[in-house]
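Asker: Structure for the following, please:
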Amino acid sequence: MKYESRPVEFAELDLSEEDEGIRIPLRDAAIARPEGETERSSGTEAETAEAYTGMFRLVSRERSFTEEAQRCANLEGPAAPFVPFMSYWPTYEQMAESQSRWYFYWRSEVRKEHYPDTDLSYIFIYIYELIHGIGWDKPEKGYELLTEVWMAYRARHPQLDGYLKEWVSDFVLVHRLDVPLTEIFSVSEQNVSGELADIELLRLLEEQPLQVPPQLLFSLSDYDTRRSSFCTAGGIVELEAYLPKIVALVDSYLLKTSQLRIIDMFRPEQEQTVERYLFRSAVYDDSYYGRTIRISTLPITQHAPLRKYMTELIRFTENKLRKLKGFKGRLRGIALEPEIGHLIERYLEREFSPQAAPVRPKITIDTAKLVALRQDTEYVRSMLTIEDEEASGDVPETELDQEEERDLPDWREEARTALDGTVLDGTVHRESPLTDSISKPSRADETSASLIWDTDGLDEEWALFAEKLGPAHMEALSALVSSFPESELTRVADSYGTMPALLVDEINDAAMETVGDLVIDEARIAEDYQHLFEHLKR
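Answerer: Numbers count the residues shown, from 1 in each chain. Presented below is the predicted three-dimensional model:
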């Protein structure tokens, strides 16, 4: 993708380079005479205009606005009452004095990151200032201020979305900021210009298919999801949640089987160059960045083969979601390769399969019985002490206590644990200092502490995948590459108080978010990835 700003060819009529004369807004430029001159009674209009060419210059509304903005750039406004203000193209000239006082007070508050209620026209004037470099010294700061005021007021003024999605994108383009356009698109559901969608779709489909927003994927489809009875009934939530993952899954499958990604299989042959008008509908002085910007990119959103393939993916996914959600009716005439269809079905069935959470027994302790048990224990202890004294004579008290502790029967140990703490949901919460116990690390803690995965030399997404894994997941992966994967996986799940299926699903979810593919298939490491987990070691 290439883009370049084109210098403005004309934006201002300057009829005299020697004397600026009187600056007159374009709408007021029809009549202007030097002081003391009387109106001429003869001569043509052309002669009259020629006579005054050295006495004034025409100034556009946009240039007048930017000159005034520069003069007022550092103006701090004292507290002032709010005064309503509404204008389609608001400028300083259109504000009354009371409105100006409120505006500069309000702008001072916004610069302090306070956002009092105000009319939309005031917000637009502030945005026009930011577009022209007022209030910031670096473009990155300008982008930050634009997005901050947008986020602060978009709920109160939803109209901002339609304008700022385009204007902020233009700002990023003209200043060549390293900002993904997806960050801008994801703010609202409103459509964006085709060339912007082309730029971002190309980048994401080549680098991170999983990160393509649902709205951009829908823009590639000839099927209008907004008219679908399933989507209007609430199914759009599931479709938006699963569609990016399915596109990433299919992309990964195609890459493994044919060494081609979706964008490689359906790539337009020729780039197209478009002239994008900058800051449409804004009060914008095009002497700053030019009237247009030239963008060269692939016309992805208009490429018929890609649109047809994406349409079938979306319709097939919706059909499967309809079935899993118990929604009546199916979309007809879907043409998709059986292998791809089977892949999507297996993934969605796995996602929707009911997962039984591990049930931990809730243990309640009868305090009265524990007290009685303790009394019985003390009685037995005294009886044992008497018998020992009779058998061996006098024994030091400390040694006797040690012998008694060693000879305690199992049921006394259980009672002692119960007296030490209350057990709720399988966890002992200590409540009484009657006795002390020594807790030992479980086998799972001991083994997982020394289990590591050497990701040196692997791609970045695999390193990110490894970071998402916990000790139980690492143990599960180690079990799956062992000689007895099923029994070992069950052992790991038991040691962590969970189920094998839950561990597998959690690992696959992490893989989908980072690698864009499932690494475990039918309780086995996928064949293509088995060599990667050979780096697991203790």
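
Asker: Show me what the helix or strand where K141 lies packs onto, helices and strands only.
Answerer: Using DSSP states H and E, K141 sits within helix 139-153. Of the remaining helices and strands, those touching helix 139-153 by 3 or more Cβ pairs under 8 Å, 6 or more residues apart in numbering; DSSP states H and E are helix 120-131, helix 159-174. Quick note: C-beta positions are derived from backbone N, CA and C, even for glycine.

Asker: Any buried residues in stretch 78-98, and which?
Answerer: Buried positions in stretch 78-98, judged by neighbour count with 16 or more other Cβ atoms under 10 Å: V83, F85, P90, T91, Y92, M95.

Asker: Restricted to strands, list these.
Answerer: Here DSSP state E is the test, and the buried residues of stretch 78-98 give no hits in strands at all.

Asker: With distance to G162 added, can I get these in JSON lines?
Answerer: Supplementary listing: the buried residues of stretch 78-98 in JSON lines, determined by distance: Cβ to Cβ, whole Å:
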{"residue": "V83", "distance to G162": "26"}
{"residue": "F85", "distance to G162": "20"}
{"residue": "P90", "distance to G162": "17"}
{"residue": "T91", "distance to G162": "21"}
{"residue": "Y92", "distance to G162": "24"}
{"residue": "M95", "distance to G162": "24"}
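
Asker: Among those, which pair sits farthest apart?
Answerer: Greatest spacing in the buried residues of stretch 78-98, by Cβ to Cβ: V83 and T91 (16.1 Å).

Asker: coming back round to it: any idea which of the buried residues of stretch 78-98 is the one closest to V519?
Answerer: Using Cβ to Cβ, the buried residues of stretch 78-98 come closest to V519 at P90, 55.7 Å.

Asker: Please identify the most buried of the helices and strands packed on helix 139-153.
Answerer: Highest mean neighbour count of the helices and strands packed on helix 139-153: helix 120-131, a mean of 22 (counted as mean count of other Cβ atoms under 10 Å).

Asker: Run the angle between it and helix 159-174 for me.
Answerer: For helix 120-131 against helix 159-174, the angle by axes from the mean of the first three to the mean of the last three Cα atoms, to 10 degrees is 10 degrees.

Asker: Give me the angle between helix 120-131 and helix 139-153.
Answerer: Using the same axes, to 10 degrees: helix 120-131 against helix 139-153 is 170 degrees.

Asker: tell me the mean pLDDT for helix 120-131?
Answerer: Averaged across helix 120-131, pLDDT comes to 97.

Asker: Same check on stretch 165-184?
Answerer: 89.

Asker: who's in contact with it?
Answerer: 3, 5, 127, 131, 139-140, 142-143, 146-147, 150, 185, 187-188, 190, 192-193, 196, 199-200, 203-204, 211-213, 216, 276, 278-280, 282, 289-290, 293, 295 (Cβ atoms under 8 Å, 6 or more residues apart in numbering).

Asker: Can I get the buried part of those residues as one PyMOL selection?
Answerer: The PyMOL selection below is limited to those of the contacts of stretch 165-184 classed as buried (16+ other Cβ under 10 Å):
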select buried, resi 3+5+127+131+139+142+143+146+147+150+185+187+188+192+193+196+199+200+203+204+211+212+213+216+276+278+279+282+289+290+293+295
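
Asker: Could you list which of the contacts of stretch 165-184 belong to helices?
Answerer: 127, 131, 139-140, 142-143, 146-147, 150, 185, 196, 199-200, 203-204, 216 (DSSP state H).

Asker: By pLDDT, rank these and give me the bottom one.
Answerer: Pick the lowest pLDDT in the ones in helices among the contacts of stretch 165-184 and you get F185, at 76.

Asker: Correct me if wrong: that residue contacts Q215.
Answerer: Yes. At 6.8 Å, F185 and Q215 qualify as touching, with contact defined as Cβ atoms under 8 Å.

Asker: which other helices and strands contact the helix or strand encompassing R346?
Answerer: R346 is located in helix 338-352, with elements delineated by DSSP H and E. Counting contacts by 3+ Cβ pairs under 8 Å, 6+ apart, helix 338-352 packs against helix 236-258, helix 304-324.

Asker: Please enumerate the strands of this structure.
Answerer: Using DSSP E, strands in the chain cover 2-5, 22-25, 56-59, 272-277, 292-297, 421-424, 427-430, 452-453, 536-537.

Asker: circling back to that earlier point, pull the CA atoms of the helix holding K141 into CSV?
Answerer: The C-alpha trace of helix 139-153 is given here as CSV (Å, rounded to 0.1, in the frame of the first residue of the first chain):
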residue,chain,number,x,y,z
PRO,A,139,1.5,14.1,15.5
GLU,A,140,1.4,11.3,18.0
LYS,A,141,0.0,13.7,20.6
GLY,A,142,-2.5,15.1,18.1
TYR,A,143,-3.8,11.5,17.5
GLU,A,144,-4.1,11.0,21.2
LEU,A,145,-6.1,14.2,21.8
LEU,A,146,-8.4,13.4,18.9
THR,A,147,-9.2,9.9,20.2
GLU,A,148,-9.6,11.2,23.8
VAL,A,149,-12.2,13.8,22.9
TRP,A,150,-13.9,11.3,20.6
MET,A,151,-14.1,8.7,23.4
ALA,A,152,-15.2,11.2,26.0
TYR,A,153,-18.2,12.5,23.9
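
Asker: From the rest of the structure, what touches it?
Answerer: By Cβ under 8 Å, 6+ apart, helix 139-153 touches 110, 113, 115, 123, 126-127, 130-131, 133, 135-136, 160, 164, 167-168, 171-172, 175, 177, 179, 187.

Asker: rerun at 6 Å
Answerer: Here helix 139-153 makes contact (Cβ atoms under 6 Å, 6 or more residues apart in numbering) with Y115, I123, L130, W136, L160, L164, V168, H175, L177.

Asker: Over to stretch 520-531?
Answerer: With Cβ under 6 Å, 6+ apart, stretch 520-531 has contacts from K256, L480, V504, I507, N508, V519, F533.

Asker: next one: stretch 229-242
Answerer: Taking Cβ under 6 Å, 6+ apart as the rule, stretch 229-242 contacts P214, T225, E318, L321, R322, F327.

Asker: Recalculate using a threshold of 7 Å.
Answerer: The contact list for stretch 229-242 (Cβ atoms under 7 Å, 6 or more residues apart in numbering) reads P214, T225, T317, E318, L321, R322, K325, F327, G329, L348.

Asker: Can you say which of those residues are buried?
Answerer: P214, T225, T317, E318, L321, R322, F327, L348.

Asker: who are the neighbours in contact with E345?
Answerer: E345 makes contact with K320 under the criterion Cβ under 7 Å, 6+ apart.

Asker: swap in F279?
Answerer: I131, W167, D170.

Asker: What separation do you get for it and I127?
Answerer: From F279 across to I127, the span is 10 Å (Cβ to Cβ, to the nearest Å).

Asker: cool, A493 as well?
Answerer: On the measure of Cβ to Cβ, A493 and I127 end up 56 Å apart.

Asker: For the contacts of stretch 229-242, give me TSV that also has pLDDT and distance to I262.
Answerer: Shown next, in TSV, are the contacts of stretch 229-242 (pLDDT from 0 to 100; distance: Cβ to Cβ, whole Å):
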residue	pLDDT	distance to I262
P214	88	16
T225	84	19
T317	94	14
E318	93	18
L321	93	20
R322	92	24
K325	89	26
F327	88	27
G329	84	28
L348	91	19
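
Asker: Which two among those are spaced furthest apart?
Answerer: P214 and G329, at 21.9 Å, using Cβ to Cβ across the contacts of stretch 229-242.

Asker: The closest residue to R322 other than its chain neighbours: neighbouring residues, count only.
Answerer: The shortest distance from R322 to any non-neighbouring residue, by Cβ to Cβ, 6 or more residues apart in numbering, is to F230 (5.4 Å). By other Cβ atoms under 10 Å, 21 other residues sit near F230.

Asker: Equivalent analysis for the one 4 residues further on, please.
Answerer: Neighbourhood size, G234 [other Cβ under 10 Å]: 10.
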